[in-house]
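Engineer: Generate coordinates for the sequence data below:
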Amino acid sequence: MAINLVKTRNFGIVAHIDSGKTTVSERILYYTGKKHKIGEVHDGAASTDWMKEEQERGITITAAAVFAQWRGHDINLIDTPGHVDFTAEVERSCRVLDGAVVVFCAVAGVQAQSETVWRQANKYSVPRLVFVNKMDRMGANFDRVVGQVKERLAGNPVPIQMPIGAGDDFRAIIDLVLMKMFTFEGEKGEDQKENEIPAEFKAEAEKRRHAMIDSVASFCGNEEIESAYLDNGTLTNEQIMKGLQTGAMTFKLQPMLCGAALRNKGVQMLLDAVVDILPNPKDANLINQFELSDTLKANPIPTVCDAKAPLRAMVFKIMNMPVLGDVSFVRVYQGTIKEGDAMVAAGTNRTERAARMVKLVGLSSTKVDEAQAGDICALVGLKGTQTGDTLVHISDQHPMVLDGISFAKPVITMAIEPKSNADKEKLAYGLARLEREDPTFKKWTDPETSQLIIAGMGELHLEVLSHRIRDEYKVDAVVGKPRVSYRQTISKQLEVRGKHVKQSGGRGQYGDCTLIIRPLTAEEKATGQEFIFENATRGGSVPKEYVGPIEEGVRNELARGYELPFPVINVHVSLIDGSYHDVDSSEHAFVAAGALAIRLAYPQLGVQATEPWMRVEVETPDQFTGSIMGSLQSKRAMITESLDRGPNKIIRCEVPLAEMFGYTTDLRSMSQGRAGYSMEPAEYKQVPNSMIEKLKKAEGVVKAEKG
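Structural biologist: As a prediction, this is how the structure comes out:
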């Protein structure tokens, strides 16, 4: 059955942790009739938080895609996590969404992870609405959040609502377009009532409406609306809505709404704004056309949101779900997927079949027969497909690929070992499944110690994954303490020759290469690459079959590190010359030559150890500020800002990740359990010389224990 693109909305809810995203999602499912009972996060009963770990911790860990209807519109909603450790879920969701609702706490305002999700929305050009939640909390201040969006996020917020009261006094919302006041009555706020604006709020509402109209006319980018405003000094309601749509879709303004989801106030009005302001798939495709390229990543062409065009669909998330098993979430950009269709993952030639297609609300599924351009659905049973793959029909003569999704590199590692041989195979299976689901989770075997190492985005990330291994895959395993993923970089350029020659009777070994080694430029780093190898030889001085082995040797040696056992990254290597022997040359000899060249070059490359730093925001009652500041400074923190937020103090700083292990416990003990913090990745910075010897000693101790 054909979908009505004009009446389809694909949007996500993104925010800092504990802003109320999942609570908003639960109300949306209730008011749209998808649920007959509201599931609360604090009771572990939210539909979108179906995993055991989510229910126990009261947080969202994995993005959940659900569908519903509102005012005759089909809605595909993705509820995303707010914790920094699970930021990949926001990244992949933003890649496939046509719009987003950014939720802020009316008390806390713009927080650390708020900035991250805003940047992710900018990166993928996602139009957005802003919903200021928790207006019922003590200290709530709508106007302060408006100012923070403007100052801290460089946004252009345009309030289209005015709250009546705040905290315990929050009781109604004025719609500045309709100029009506709305209250929410009934047990679950389902009875939204329209009222005239009381006389005492009329003047303030008129003032705010005028400011809204002025912003819409000035920033929406529609010349017709701007001219109407200049001619008449005002705009009609239809012109206001048109201006809000245009401004949101061109990222020139962000309409702002308010409410209190837990108290069932304002969510229906938010749903109205989603269908009235956020773009449908066809409009979104016009403003943000993703490029299709052939499998060689050449000859790009824009996508066309047309059900009859050749199939181009992106797998943006993979989950192993109870009952259903392997579930691949897919956004269809072009064409149509029908149940039973044979498909290929373009670029990899993995064949798949759409054996079963469903739409989900938590763990409950509804079977569908097809998904057309502009739709989001879940395919059950795809075996080899990976996140970011483009699906095309198997009969497609000219398969094209969509730009994939880029993910952050893991910053923390720990060892994991099965307790028995019986658990060994189950552990390998479980880790492989988790790695397929989560692109920020990696595993490998340490070549020196033969230990199995897992890596992720933070302590919580690895803790959750280790619990999933235990609970979902029934593996009894021992995990080590988390360790920071240190890296090394180079600061100088060098030309070096690596010549590997061995002769011991019979056939010898001969490999010879000359390399230019230099740091990556800023432009090269921006592509996300950490190592670039270039063959710049001329005249066949090194046969083609030996170029790959040289690169292998270089990679192996860089992975081992210099003086410290941390990989050396952000390196560009050019092979400029070499020689070979007709009899004694072999791939093995050239692997050794490439590795030798790096070893010889290390002492002159200015190798520096680097470590991940985090942006940290601490919120504390004022009386604990001094001791918390002192504690942060003892952790090598760089304090960047200190400001007031109601009765509390906000401390913003950058701190090395290595210093933040166990900080939750420390902070609670310093503040009688009243302070909290959040953090997000900042950048890798050079490790101070005073720390190098400690690192060397620590690594030596580790090796001695393992040896």
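
Engineer: Could you name the helices and strands sitting against whichever strand or helix holds residue 292?
Structural biologist: Here residue 292, judged by DSSP states H and E, is contained in strand 291-294. Taking 3 or more Cβ pairs under 8 Å, 6 or more residues apart in numbering; DSSP states H and E as contact, the helices and strands that strand 291-294 lies on are strand 301-302, strand 400-402. (C-beta placed from N, C-alpha, C; glycine too.)

Engineer: so how far is the last one from its chain's centroid?
Structural biologist: What that stands for is strand 400-402. Strand 400-402 sits 21 Å away from the centroid of its parent chain (Cα atoms, centre = their mean, to the nearest Å).

Engineer: Now the element after it, going C-ward?
Structural biologist: Per DSSP H and E, the first helix or strand lying C-terminal to strand 400-402 is strand 412-418.

Engineer: Just give me how far whichever helix or strand comes after that following strand sits from the chain centre.
Structural biologist: Once strand 412-418 ends, the next helix or strand along the chain (criterion: DSSP H and E) is helix 421-437. Helix 421-437 sits 24 Å away from the centroid of its parent chain (Cα atoms, centre = their mean).

Engineer: and the angle from helix 421-437 to strand 412-418?
Structural biologist: Interaxial angle, helix 421-437 versus strand 412-418 (axes from the mean of the first three to the mean of the last three Cα atoms, to 10 degrees): 150 degrees.

Engineer: Output the contacting helices and strands for the helix or strand that comes right after helix 421-437.
Structural biologist: Using DSSP H and E, the next helix or strand after helix 421-437 towards the C-terminus is strand 442-445. Contact partners of strand 442-445 among helices and strands, from 3+ Cβ pairs under 8 Å, 6+ apart: helix 421-437, strand 452-456.

Engineer: ranking those by burial, who's on top?
Structural biologist: Mean neighbour counts were compared across the helices and strands packed on strand 442-445 using mean count of other Cβ atoms under 10 Å; the top stretch is strand 452-456, at a mean of 22.

Engineer: I figured residue 512 hits residue 592, correct?
Structural biologist: No - with contact defined as Cβ atoms under 8 Å, residue 512 does not count as touching residue 592 (10.6 Å).

Engineer: what residues are shared contacts of those two?
Structural biologist: Contact with both residue 512 and residue 592 is made by residues residue 500, according to Cβ atoms under 8 Å, 6 or more residues apart in numbering.

Engineer: List the residues that contact residue 228.
Structural biologist: Shown in contact with residue 228 (Cβ under 8 Å, 6+ apart): 217, 235, 236, 239.

Engineer: In PyMOL, how would I select just the buried ones from these?
Structural biologist: The following PyMOL line selects those of these that are buried, judged by 16 or more other Cβ atoms under 10 Å:
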select buried, resi 217+235+239
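
Engineer: Have a look at this structure and report its longest helix.
Structural biologist: Secondary structure of the chain per DSSP state H: the longest helix is helix 199-219.

Engineer: Buried residues of the very next helix or strand once past that helix, list them for me.
Structural biologist: Downstream of helix 199-219, the next assigned helix or strand under DSSP H and E is helix 223-232. The neighbour-count check on helix 223-232 (16+ other Cβ under 10 Å) flags 225, 226, 228, 229 as buried.
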